[in-house]
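Colleague: Kindly return the folded structure for what I paste below:
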Amino acid sequence: MADDQDVVDLPRLQMKSIIGFDGGVPGGLVVHPDRGHLIYPLGSTMIIKNLEDGKQDILAGHSNNISCLAVSKSGKYIASGQVTYMGFKADIIIWDFEKRELYARLVLHKVKVQAVAFSPNDKYLVSLGGQDDGSVVVWEVATKQAVCGSEVSIPSSGITHALTYSNHNDNVFITGGERTLRVWNLDRSNRKILPSDINTSKKKRVVLSIEVAPDDSEFYCGTSTGDVMRCNLESQTFTSLGPEKGQLSQGITSICIIKTGDIVVGSGDGEVAILKGKEMKKVKSKRFAMDAGGISSIVVRGQGHQFYVGTTRSHAYRFNYSEFSYDLVFTAHHAPVYDIAFPYEFSELFATASKEDIRVWNAQNSKELMRITVANMTCNAVAFMRDGKTIVSGWNDGKIRGFYPESGNLMFIIHDAHNKGVTSISTTNDCGRIISGGGEGQVRVWDVSDRHMPKMIAAMKEHNGGVTSIKVRRNDSECISTSTDGTTIIWDLERFVRSQMIMANTLFQCVCYRPDESQVITSGTDRKVAYWETYDGSQIREIDGSRSGAIFGMDIASNGDHFVLGGADRLVKLFQYYEGSVSHVGIGHSSDISKVKISPNMKYIVSVSGDGAIITWKFPKDVAPQS
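Modeller: Residues are numbered from 1 along each chain as shown. I've put the predicted structure just below:
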């Protein structure tokens, strides 16, 4: 196999679509000034989505999750900052929008970049360090060098949360946070920035968001107490506070100004409201459902007839300002995705398992079809019954839950299925039994022929570590399970005893039967892919699956000629089964790949990862079977 440094020499898997959006980044959803593109972060990558045709481009260059982003007024540049580990410096990257490539990498801040903002004429970029850094730095875009920097606030103040630039003056910007609100003036000739503190008298507030009026006469600050502070930018004085009644719950986390002068604000509990007049009276309000989360970004498209809203639970909405109505643009998982499943011989949809929910997606247009929510629980495994009439799932509370696939309603629940959570699940082909694996190492068989009265048939106790994967033979006579204790066991499902055991010096993560079921392939943390005989458990061959990280997901094509891998190296690799070599590689994930599946019709590959991303790849035509 080629080394991971040589993946550039291999043919690329073509990306069909990306489902993912990191809604927790403040101000993370941005409309490009050309009004035709939406820009948002996903883990350590940035997605540029064309609003006309839905085409998506990925910008990758950060070593850790993106924490902030900004687009220049001309639309020529995009800036993004990241978080990193304690004691390390966090990068800021300026991207060239047209070329979709890195323009400059700026390194000065420690641990986290809290916010970035461009000056009106793209001359400067100002960056704000996080809690462990506490500095504000002005960068010259043309020379890619730092002009000057300063401590962002006095030592007695808290964290500075917000940063914004003036709309017309390249030398004025504003910062705000806990017990601090400052207007900064840049003295370019002396390479200094000079702060002026805004005196808010007895009104003590924590500033979460700042927006400057289009004419630069005043600016508005959203606060943690749910009201807005109006300040005069020219005299640098605090003028008023509003609304007097009907403050927004959990603080104003995002704020923007429409051309009419109205203020659109978003709160931490998912409310979007319009404030009018000098009193900033709340005139219109809409609140999203609880599963949408709080508002993290509001951004105007064009003159303000339309604006986009992003939430902390990774929902993106498009608002019509005049009617104050909204529709959902896209949604994504806000937590790691742990499993993926296709129905038997049906490739039009698939299900994913994540924290608190199972989602069913249309494989063609990547739209969410259904969501099954179980509050405060994590779904570790999901599978479809072969007849397609039940979605079976395993959860970290030790319960197995079955759902109706049309409505998402609960069909049955098996309490205390495993005492350390259900970690893997599979179903028999006669749709009468479920085989589950738990964190304690047991493999249990459940009779669900009567869906309303499921009962346990057998508990097989051989594994000493958590069960990571279970696959069942077509005739339901045997199943195979892998575990983190370094064993793979083939079980007799008629006598419920072990028939074969495979041992290796690895933490097994995945196993697949070849379609003729004469062989199985396994992989895990040793980065090897091993071929085994099912008859006697002897090893046939072993190949390198990866050079740099564990393998967590594996699936074999329905014709048995290819298999696909994904893991800690963040690459999706398509292997030829007989040659044992990589034929294609997919680059796009910004976090460890947890599972990967080939669709039953072999038209595409779906991979999921720890940043909540779901990427669909086109199965290469030169290796796909001809229909």
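
Colleague: How about the strand or helix carrying Leu194, which residues are buried there?
Modeller: Leu194 belongs to strand 192-197 when assigned by DSSP states H and E. Neighbour-count burial for strand 192-197 flags 193, 195 (criterion: 16 or more other C-beta atoms under 10 Å). (C-beta placed from N, C-alpha, C; glycine too.)

Colleague: That strand pairs with which strands?
Modeller: strand 180-187 (antiparallel) (DSSP bridges).

Colleague: Would you tell me which strand is longest in this protein?
Modeller: Ranked by residue count, the top strand of the chain under DSSP state E comes out as strand 368-384.

Colleague: which other helices and strands contact that one?
Modeller: Here strand 368-384 is seen to pack against strand 337-341, strand 349-362, strand 391-395, strand 422-427 when contacts are counted using 3 or more C-beta pairs under 8 Å, 6 or more residues apart in numbering; DSSP states H and E.

Colleague: Next, format the ones you listed as CSV and append mean neighbour count.
Modeller: Output for those, formatted as CSV (neighbours: other C-beta atoms under 10 Å):
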stretch, mean neighbour count
strand 337-341, 24
strand 349-362, 21
strand 391-395, 25
strand 422-427, 25
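
Colleague: just checking, Ser483 touches Ile470?
Modeller: No - taking contacts as C-beta atoms under 8 Å, Ser483 lies outside contact range of Ile470: 10.2 Å.

Colleague: Can you list the low-confidence ranges for this protein?
Modeller: Scanning the chain for pLDDT under 70 picks out 1-8, 624-627.

Colleague: Can you list the residue ranges for helices in it?
Modeller: With DSSP state H, there are no helices along the chain.

Colleague: bridging residues for Arg401?
Modeller: Bridge pairing for Arg401 - DSSP bridges - gives Ser393, Ile413.

Colleague: Double-check it against His415; I have them as touching.
Modeller: No - at 10.0 Å, Arg401 does not count as touching His415 under the criterion of C-beta under 8 Å.

Colleague: More neighbours: the two, which one.
Modeller: Arg401 (23 against 9; other C-beta atoms under 10 Å).

Colleague: Now do the same contact list for that one.
Modeller: With contacts defined as C-beta atoms under 8 Å, 6 or more residues apart in numbering, Arg401 is in contact with 374, 392-393, 395, 410, 412-414.

Colleague: Go again with 7 Å.
Modeller: 393, 395, 410, 413 (C-beta atoms under 7 Å, 6 or more residues apart in numbering).

Colleague: likewise Ile298?
Modeller: 254-256, 264, 266, 307, 309.

Colleague: and the closest residue to it other than its chain neighbours, how many neighbours?
Modeller: Closest residue in space to Ile298, ignoring its immediate chain neighbours: Ser254 at 4.4 Å, by C-beta to C-beta, 6 or more residues apart in numbering. By the criterion of other C-beta under 10 Å, Ser254 has 26 neighbours.

Colleague: With adjacent residues omitted, what lies nearest to Asn601?
Modeller: Nearest one to Asn601, counting by C-beta to C-beta, 6+ apart, is Ser347 at 4.3 Å.

Colleague: Many thanks, have a good one.
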